[in-house]
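J.: 3D, please:
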Amino acid sequence: MRLENIFVGVSDFLSCTPFMIELIFRLMNRNIMLGFLLLGIIQGVIAQPAEIKITGQVTDCAQDSLLFFFLDGSMLRPMAKLPMQLVPDSSRRLHAFNLTLKNDFPHGFYLIGNGQPQGTRMLILGNDPEVSIQGSCPTLSQSTLGLSRENVLLDQALTENRNHQQRFNQLVSQYRVAMRRKQDLSPLDSAMKVLDEEKMKLYEAVKIQSPFAAKVLGMSTYLSYQTFGQKGENEASYYANQSFRLVDFSDPDYNLIPQVQDVMRSYAQSVGKLGLSFDELKAAVGKWLGQMPTPGRTHKTALIGLANGFLRSNEDAFVYYVDRYIELYGKENPSLTQQLSDQAKPLRYRTIGALAPDIALPTPEGDTISLSSLKGKVVMVDFWASWCGPCRRENPNVRRVYAAYKDKGFEILGVSLDSSKDRWVQAIAKDQLPWYHVSDLKKWKSVASRAYGVGSIPFTVLLDAEGKIIAKGLRGAKLEAKLEELLGT
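T.: Alright, predicted model coming up:
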């Protein structure tokens, strides 16, 4: 798979950071490494304090207190209440608060606010004796943090990371143009390598100052296929298997990094659209989940993110990871469990492993053929149409595979999304398609396409001899490899 097919997904993945602070860090002509080192020399090494003081001034508050809590994967866990005092004679109802905590909790991310996404600010607590917050209650997530070297460092680093992303997106656009025009890509490859080097300098500089902050930055640092891809490795596989190459999810610090859920959601939204088989997809995701202690908070957080991401990109993976979450953590948050179950319920009947929905539609001759009548054979349901250029170009490959395996127990049921019978029949004859064909001539409103959730064609569903779904979207070499596995050479 080439660049144009996955760049949008990669861009989505990189944009998941929740921090929106104005960039204030430009030192020594953009020498990022030196800038961070100077910051460390000026501020020095800070030992973990015995107490942490949180102070704040916030405006436009409808309530007289805020909550201090952490995100336990699937739910908020309050730790303390922060009473606020109205500052006398202040405009916009300025409130102030302060909270002194004994520093006997794990180094990590905690939250202050009302529990709503826009009204809650995430901040690191652990190494700095004081953290200040300034902002507005309705948009507390966008408030400014001060006095805390670690929080300022991370905000600055993530801002620089967004600048890297913008340059990455510009290179993506240039790649698309160059590939369309069949131009030399080597100048763009060189530019991408320079960008990757800057990303690594930023990461290493942050790691020197705050290993914890570097763990957050590392989740959003994607190093390109052009620079790091191996010979014979396609770009889709690289993205699926190398997106978190700077991350070690076995580290217990990730238990208190809620952004795990964000990056896993964005990763799932992208990787679910890359055309990987279900087994390939599970293997790629399993590489990251396998690092996480199970059961555990990081694992739980990741499963929620994966489920939410795959809901938008791959329904088979969505149901699979919903089931994994419910199996391990379903009793912890009944409302979330019910929500995920409700979302998965209508999809279960057409996911891999399920008994395929039956199809009974007219043939070109006016007879009716049902999918269930073909049980006993390995059957591929092939959704196509006479007006679909990619379908027509794929037909010679399908015809070749059918000829190789039809005498070994393989059958095809072609389901056309045509609206014109004449064009449908003419396409069958012209492309010489000798298998079964059916259609209700309702195009995208076909009962068959709705039953199988078909959103684009060509689209295939492979069934075993018992009529259970064993694969989707297989074509070409992948289809041949699966048939060889099932039926032999």
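J.: just checking, what packs against the one helix or strand residue 270 maps to?
T.: Applying DSSP states H and E as the criterion places residue 270 in helix 259-271. In terms of contacts (3 or more C-beta pairs under 8 Å, 6 or more residues apart in numbering; DSSP states H and E), helix 259-271 is packed against helix 3-14, helix 211-219, helix 235-242, helix 278-289, helix 297-310. In this view, the C-beta of every residue, glycine as well, is placed from N, C-alpha and C.
J.: strands of the stretch 251-400 of the chain, residue ranges please.
T.: 360-362, 368-370, 378-384 (DSSP state E, counting those that start in this stretch).
J.: residue 178: which of the ones you listed is closest?
T.: Comparison of the strands of the stretch 251-400 of the chain against residue 178 by C-beta to C-beta identifies strand 378-384 as nearest, at 32.6 Å.
J.: on that earlier part again, please identify the deepest-packed of the helices and strands packed on helix 259-271.
T.: When the helices and strands packed on helix 259-271 are scored by mean count of other C-beta atoms under 10 Å, the highest mean neighbour count falls to helix 297-310 (a mean of 25).
J.: now the angle from it to helix 259-271?
T.: 30 degrees (axes from the mean of the first three to the mean of the last three C-alpha atoms, to 10 degrees).
J.: residues contacting helix 297-310, please?
T.: For helix 297-310, the external contacting residues (C-beta atoms under 8 Å, 6 or more residues apart in numbering) are 71-74, 249, 254-258, 260-269, 272, 285, 288-289, 292-293, 317-318, 321-322, 324-325, 328-329, 332, 336, 340.
J.: low-scoring pLDDT stretches of the stretch 351-489 of the chain, where are they?
T.: Low-confidence segments of the stretch 351-489 of the chain (pLDDT under 70): 489.
J.: oh sorry, the question was meant for the chain
T.: For the chain, the stretches flagged by pLDDT under 70 are 1-47, 90-92, 489.
J.: show the subsequent helix or strand relative to the top helix by length along it.
T.: When the chain is parsed with DSSP state H, its longest helix is helix 149-180. Going down the chain from helix 149-180, the next helix or strand is helix 186-209, by DSSP H and E.
J.: of all the helices and strands packed on helix 259-271, which one is nearest residue 202?
T.: Comparing the helices and strands packed on helix 259-271 under C-beta to C-beta, the one sitting nearest is helix 211-219, at 7.3 Å.
J.: pull the CA atoms of the next helix or strand along the chain from that closest one into PDB?
T.: Per DSSP H and E, helix 211-219 leads on to helix 225-228 as the next helix or strand towards the C-terminus. Taking C-alpha atoms only, helix 225-228 is exported to PDB below (Å, rounded to 0.1, in the frame of the first residue of the first chain):
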ATOM      1  CA  TYR A 225       8.200   4.800   6.800                       C
ATOM      2  CA  GLN A 226      10.400   6.600   4.300                       C
ATOM      3  CA  THR A 227      13.200   6.800   6.900                       C
ATOM      4  CA  PHE A 228      12.700   3.700   9.000                       C
END
